[in-house]
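# This is a predicted model, with the sequence first.
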Amino acid sequence: MNARFPLRHALGLLLVAAPAAAAPHAPAELALERGADAGQCIDAAHLVSSVERRLHRKVFYPEAKAELRLTVRLLRRAEAWVAEISLADALGQLGERELTTRARHCSALDDSLALIVSLLVDTPPERPSELAKPSAPSRAAASNAAEPTSRPNAPPTASPRATPLEIPAETLAPREPWQIDAAVGVFAGYGLLPELAFGPELMAGFTPPRGPLFRVVGDFSLPKESSLDGRAAGVRVSLQRLGLDVCAKVFTRPVLGVSLCAGQRLARVRSSGFGFVENRDDSRVVLSLAAGADALIPLGRYLGIALGAGGEALLNRLQFVVIEANGTQGVAESSRTAGIVRIGLAGRI
């Protein structure tokens with residue numbers, strides 16, 4: 001009995017003094033936090049499911065059964081999505097990792113985040129050697145040496161943060177929805193009608209997850225009058241247009257975004273005479289090709305000022321004439337080309 005007691009006593013002290021290093025496959029607890037602008041990021045239930053599918057076993061348990069604590073913080077920082085990952089055990093921090101991406105949607109982080117979490121909880125990193133040493137009182141008890149006073153343990157220091165990993169912006173974001181944009185404003189065009197045309201304009205845009213912006217444009221001009229020289233008679237003209245554009249972003253910054261667009265316009269032009277004995281009405285269809293540049297100045301996350309400028313090539317030219325007893329006299333005609341400017345208020349869903 002006397003020979004065995006010191007051995008058992010020493011083994012017991014060794015087990016008590018040894019660091020509580022987490023073994024592979026140790027049960028873990030997950031704490032996931034999403035910032036105010038990160039509501040579209042992955043939630044805890046989907047992250048748990050994704051990790052456990054990769055490891056083919058149950059990984060996460062309630063706090064009472066867990067040996068590891070994994071904390072994931074998802075947030076929006078400047079123009080990037082950020083995932084801050086930290087792993088700790090009973091003795092403190094084991095390691096940290098940070099993922100970032102400038103993709104349009106936060107779900108571009110999903111696969112990489114699930115993979116890194118799987119590796120961390122499957123084979124936890126070893127604690128740095130200076131943090132794994134037993135405390136001074138434990139070493140004293142193991143050696144059975146009495147000391148007059150015991151020195152307080154040094155506070156544990158966090159392990160150094162690993163180099164941040166950046167996920168390319170073009171990485172597939174599996175949960176990215178279609179982006180919907182709308183704008184209301186006014187336009188002015190020179191060359192569409194015999195006189196300067198202006199009026200209200202409405203636009204609605206649809207952007208698929210991995211594609212350009214498709215935009216529907218509708219506008220109409222206020223009626224414009226062109227008079228015969230020296231007479232109180234002439235033609236009154238107005239138009240209503242519907243168009244389809246395809247736009248590609250060429251410049252994106254927090255304070256300004258620029259896109260190049262190309263498309264077509266189908267216009268219905270209505271004209272009516274005034275000041276004649278017999279005033280006739282007419283309606284014609286005009287097709288044009290359009291190209292230009294648009295700029296968006298954000299006023300917040302969902303609103304912005306939309307600016308645009310471009311040109312159009314009219315495929316059929318408009319001419320308005322009046323027939324009198326002494327022959328035919330031209331009243332007005334449109335140009336083969338037109339210039340357009342616009343300004344409005346844009347919103348995004």
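Perfect, I can see it now.
# Are we agreed that V117 is in a helix?
Yes: assessed by DSSP: H, G, I helix; E, B strand; the rest coil, V117 belongs to a helix.
# so who does it touch?
By C-beta atoms under 8 Å, 6 or more residues apart in numbering, the residues touching V117 are L47, V51, L70, V72, I85. Placement of C-beta: from N, CA and C, glycine included.
# show me the contacts for V72.
L30, A31, L32, E33, L47, A83, E84, I85, L113, V117.
# Nearest to L55 among these?
V117 (9.8 Å; C-beta to C-beta).
# which SS state does the residue nearest the centre of the chain fall under?
Central residue of the chain (C-alpha atoms, centre = their mean): R104, 3.0 Å from the mean position. Of the three states, R104 takes coil under three-state DSSP.
# ok, now the one 5 residues further on?
State at L109, reduced to three classes by three-state DSSP: helix.
# That one reaches P168, doesn't it?
No: the pair L109 / P168 is not scored as a contact, 11.7 Å apart, by C-beta atoms under 8 Å.
# Now the buried members of the contacts of V117.
L47, V51, L70, V72, I85 (16 or more other C-beta atoms under 10 Å).
# which two of these lie the greatest distance from each other?
Of all pairs in the buried ones among the contacts of V117, the most separated under C-beta to C-beta is V51 and I85 at 11.8 Å.
# and the contacts of V117, which of them are in strands?
If you go by DSSP state E, the contacts of V117 have L70, V72, I85 in strands.
# Let me know the closest of the residues you listed to I180.
Nearest to I180 among these, with distances taken as C-beta to C-beta, is V72, at 29.6 Å.
# measure the closest one to A338 for me?
To A338, V72 is 55 Å away according to C-beta to C-beta, to the nearest Å.
# ditto for S107
For S107, the distance to A338 - C-beta to C-beta - is 43 Å.
# between these two, who's got more neighbours?
Shown here are S107 and A338; by other C-beta atoms under 10 Å, S107 has more neighbours (23 against 20).
# shouldn't that one be in contact with P174?
Yes: S107 is within contact range of P174, at 5.5 Å (criterion: C-beta under 8 Å).
# what's V121 in contact with, if anything?
Counting by C-beta under 8 Å, 6+ apart, the residues that V121 touches are A26, A28, V51, L55, V59, L68, L70, L87.
# Give the closest residue to R265 in space, chain neighbours not counted.
Counting by C-beta to C-beta, 6 or more residues apart in numbering, G243 is the residue found nearest to R265 once chain neighbours are left out, at 4.0 Å.
# That neighbour in helix, strand or coil?
strand.
# Looking at the ones in strands among the contacts of V117, which is nearest P209?
Looking across those and measuring by C-beta to C-beta, the closest to P209 is V72, at 23.7 Å.
# Identify the bridge partners of that closest one.
When bridges are called by DSSP bridges, V72 pairs up with L32, I85.
# For A36, see how far away it is.
16 Å.
# Sheet partners, orientation included, of the strand or helix carrying Q240?
Taking DSSP states H and E as the definition, Q240 sits inside strand 234-253. Strand 234-253 pairs in its sheet with strand 213-220 (antiparallel), strand 224-227 (antiparallel), strand 256-274 (antiparallel), by DSSP bridges.
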